[in-house]
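S.K.: coordinates for the following, if possible.
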Amino acid sequence: MSEDIFQGYKGKALEILKKYNVRVWGQATIETTRGVFTGTVLPRAENDDDKHIVLKIITGYNIGIDIITIKDMKETGYQKANYKIPEKEFPYTKGMPSVKLFGTGGTIASRLDYRTGAVIPAFSPGELYGAVPELADICNLTTEKIFAVFSENMGPEQYKALAIAIGKEIENGIDGIIIGHGTDTLGHTAAALTFMIQDSPIPIVLVGSQRSSDRPSSDAALNLMHAAYTAGHSDIAEVMVCMFGPTSDEYGFLHRGTRVRKMHSSYRSTFRTIGDVPLATVKRGEVKPIKKDYNPRRKDRKVKILPYFEEKVTIVYYYPNMQPDIIDSLVDNGYKGIVIAGTGLGHVNKPIYDAIERASKKGVHIYMTVQTLWGFVHMFVYDTGRDLMAKGVIPAENMIPEVAYIKLGWALGQTNDPKKVKEIMLTPINDETTSREPYNGYLIYQGGVPEVEEFIKKFRK
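M.R.: Below you'll find the predicted structure:
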């Protein structure tokens, strides 16, 4: 057998495949000391070890089989897989709303690269229709691949380009916007676009997925359908994040762009509205508002595009025994704004007080948020808070730390005047700060408690 049919395999694993005449992409039955496994032998990532055979089993998941457990292998068939989804021209249906999908990358537009074993941005926006033909029953969709990056590589350059591109689409008469985006920093982009695109007459919906399209539990297709319906048919004309509501596929949530946060590394229901309730639920054919106070869709084409951002802004997450040189080094490196995620009601330790005062006197804008995420900064309660305010720290009320970071960057992109920056920071654009948090805006349940377990049984059978 030639080496090219053992893609990525080396050493002892390669010897095992040759011994039993089993090829990559071959359907195989593998007898091991832990049982019998049946599936398709997959290529190995080129940087992986030589001690495992990778098998895609019938459920669609991939497993690694330790070669020392293998007793016998038999190839029962062979068909090389093609994981590329062909692009298809989206059909036009008279009377359907027109929606524009901007592709930026991320898992919702990804597949598994078996050469490296990594999830890579590989699907163009046009391929998404090939994967989710149901979109044609919802809207007339046009697509543009504006970026192809993982969400950790999104930043001010991309925020500004997106805002400008969306503004042009609104002026041209589009009925709704979808932005396909990686989930890790989706909340940051949602906040940035909320500040940069104001008084939009149409919905602007950011959507992602926690699991890539080649996985059987992928949330990509349903999230896209929910986003498409929201963009084309919803009356809520705001920047929103559309993702799974519960862990099931019963419905999705629409979260306001300034109050949303990714709260779990892998759950499909990872996004939560912090300090409030979601804007709405969405499922096929229905957007059901939860909040009554939202910006309604309009027929005009008026919109404010404010694509500003100062990059020399940062978040400092306070921890016990933080040293003053952390603050001093930021000042020395030219940072113009610092958001502190403080403890409790907005506190840090006394050793960094002088560094904060030095930074403030040099014109650095410093705002305090809370690590707890829920709740308000209250710096008048203890001497700690009062002392920090005297040294130049400004409370950011109940702004989520990363939203405060985005807003401070946006504010400093417009002015460096402390009074004007403060006015921008503390004047809410769309609920990044609120007068109060509703009683049901803070819900964290702990498993194991009898009443909680009883409650969970109603939803998780």
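
S.K.: residue 39 - that's part of a strand, no?
M.R.: Yes: judged by DSSP: H, G, I helix; E, B strand; the rest coil, residue 39 forms part of a strand.

S.K.: can you give me every residue that contacts the closest residue to residue 351 other than its chain neighbours?
M.R.: If the residues on either side of it in the chain are set aside, residue 351 comes closest to residue 324, at 5.8 Å by Cβ to Cβ, 6 or more residues apart in numbering. (Glycine included, C-beta is placed from N, CA and C.) By Cβ atoms under 8 Å, 6 or more residues apart in numbering, the contact set of residue 324 is 351-352, 354-355.

S.K.: so what's the residue count around the nearest residue to residue 296 once chain neighbours are set aside?
M.R.: The shortest distance from residue 296 to any non-neighbouring residue, by Cβ to Cβ, 6+ apart, is to residue 235 (5.4 Å). By the measure other Cβ atoms under 10 Å, the count of residues near residue 235 is 14.

S.K.: any idea which residue sits dead centre in this protein?
M.R.: Central residue of the chain (Cα atoms, centre = their mean): residue 183, 1.9 Å from the mean position.

S.K.: my guess is that residue contacts residue 207. True?
M.R.: No: if you go by Cβ atoms under 8 Å, residue 183 and residue 207 don't touch, sitting 9.4 Å apart.

S.K.: which SSE is immediately downstream of whichever strand or helix holds residue 411?
M.R.: Under the criterion of DSSP states H and E, residue 411 resides in helix 401-412. Next in sequence after helix 401-412, counting helices and strands by DSSP H and E, comes helix 418-426.

S.K.: just checking, what packs against that following helix?
M.R.: strand 365-370, strand 393-395, helix 401-412 (3 or more Cβ pairs under 8 Å, 6 or more residues apart in numbering; DSSP states H and E).

S.K.: what are the bridge partners for the closest residue to residue 55 other than its chain neighbours, then?
M.R.: Of all residues not flanking residue 55 in the chain, residue 39 sits nearest, at 4.2 Å (Cβ to Cβ, 6+ apart). With DSSP bridges as the criterion, residue 39 is bridged to residue 28, residue 57.

S.K.: which residues are common contacts for residue 183 and residue 207?
M.R.: Joint contacts of residue 183 and residue 207 (Cβ under 8 Å, 6+ apart) are residue 243.

S.K.: scan this structure for its longest strand.
M.R.: Using DSSP state E to define each element, the chain has its longest strand at strand 70-78.

S.K.: buried set for it?
M.R.: Going by neighbour count (16 or more other Cβ atoms under 10 Å), the buried part of strand 70-78 is 70, 73.

S.K.: residues in contact with residue 320?
M.R.: residue 349.

S.K.: got phi/psi on it?
M.R.: Per-residue torsions, residue 320: phi -60, psi 140 (degrees, to the nearest 10).

S.K.: give the contact list for the residue nearest to residue 327 when sequence neighbours are not counted.
M.R.: Leaving aside its sequence neighbours, residue 327 sits nearest to residue 355 (Cβ to Cβ, 6+ apart; 3.8 Å). Contact analysis of residue 355 by Cβ under 8 Å, 6+ apart lists 324-328.

S.K.: mind putting the residues you listed in CSV, pLDDT and secondary structure included?
M.R.: Shown next, in CSV, are these (pLDDT from 0 to 100; DSSP: H, G, I helix; E, B strand; the rest coil):
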residue, pLDDT, secondary structure
324, 98, coil
325, 98, helix
326, 97, helix
327, 98, helix
328, 98, helix
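
S.K.: list the buried residues of the longest helix along the chain.
M.R.: Using DSSP state H, we find that the single longest helix of the chain is helix 156-171. Residues of helix 156-171 classed as buried by neighbour count (16+ other Cβ under 10 Å): 156, 158-160, 162-163, 165-167, 169-170.

S.K.: repeat that for stretch 53-72.
M.R.: Buried positions in stretch 53-72, judged by neighbour count with 16+ other Cβ under 10 Å: 53-56, 62, 65, 67, 70.

S.K.: do stretch 380-395 as well
M.R.: Buried, per 16+ other Cβ under 10 Å, within stretch 380-395: 384-385, 387-388, 391-395.

S.K.: dump the residues you listed to TSV, plus distance to residue 401.
M.R.: Converted to TSV, those look like this (distance: Cβ to Cβ, whole Å):
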residue	distance to residue 401
384	18
385	17
387	21
388	16
391	20
392	18
393	14
394	14
395	13
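
S.K.: which of these sits closest to residue 419?
M.R.: residue 394 (11.1 Å; Cβ to Cβ).

S.K.: just to revisit the earlier point, list buried residues within the contacts of residue 324.
M.R.: Judged by 16+ other Cβ under 10 Å, buried ones among those: 352, 355.

S.K.: just the ones of the contacts of residue 324 in helices?
M.R.: 354-355.

S.K.: show me which of the contacts of residue 324 is closest to residue 32.
M.R.: Distance to residue 32 across the contacts of residue 324 (Cβ to Cβ) is lowest for residue 352, with 56.7 Å.

S.K.: next, count neighbours for residue 149.
M.R.: Neighbour number of residue 149 under other Cβ under 10 Å is 16.

S.K.: how close does residue 349 sit to residue 343?
M.R.: 9 Å (Cβ to Cβ, to the nearest Å).

S.K.: any shared contact partners between these two?
M.R.: Shared contacts of residue 349 and residue 343 (Cβ under 8 Å, 6+ apart): residue 318.

S.K.: coming back round to it: may I see the buried residues of stretch 380-395 organised as CSV, with distance to residue 291 and pLDDT added?
M.R.: Shown next, in CSV, are the buried residues of stretch 380-395 (distance: Cβ to Cβ, whole Å; pLDDT from 0 to 100):
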residue, distance to residue 291, pLDDT
384, 35, 92
385, 31, 95
387, 38, 96
388, 34, 97
391, 38, 97
392, 35, 97
393, 32, 98
394, 28, 98
395, 25, 98
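
S.K.: now, which of the buried residues of stretch 53-72 sits nearest residue 22?
M.R.: Once Cβ to Cβ is applied, the member of the buried residues of stretch 53-72 that ends up nearest residue 22 is residue 53, at 8.4 Å.

S.K.: find the nearest non-adjacent residue to that closest one, please.
M.R.: Using Cβ to Cβ, 6+ apart and skipping the chain neighbours, the partner closest in space to residue 53 is residue 65 (4.7 Å).

S.K.: now the one you found: which helix or strand?
M.R.: Using DSSP H and E, residue 65 sits within strand 62-66.

S.K.: how about that strand as PDB, C-alpha atoms only?
M.R.: Extracted in PDB, the C-alpha atoms of strand 62-66 (Å, rounded to 0.1, in the frame of the first residue of the first chain):
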ATOM      1  CA  ASN A  62     -14.800  10.900  16.400                       C
ATOM      2  CA  ILE A  63     -13.000   8.600  18.900                       C
ATOM      3  CA  GLY A  64      -9.400   7.700  19.300                       C
ATOM      4  CA  ILE A  65      -8.500   4.100  19.800                       C
ATOM      5  CA  ASP A  66      -5.200   3.300  21.600                       C
END
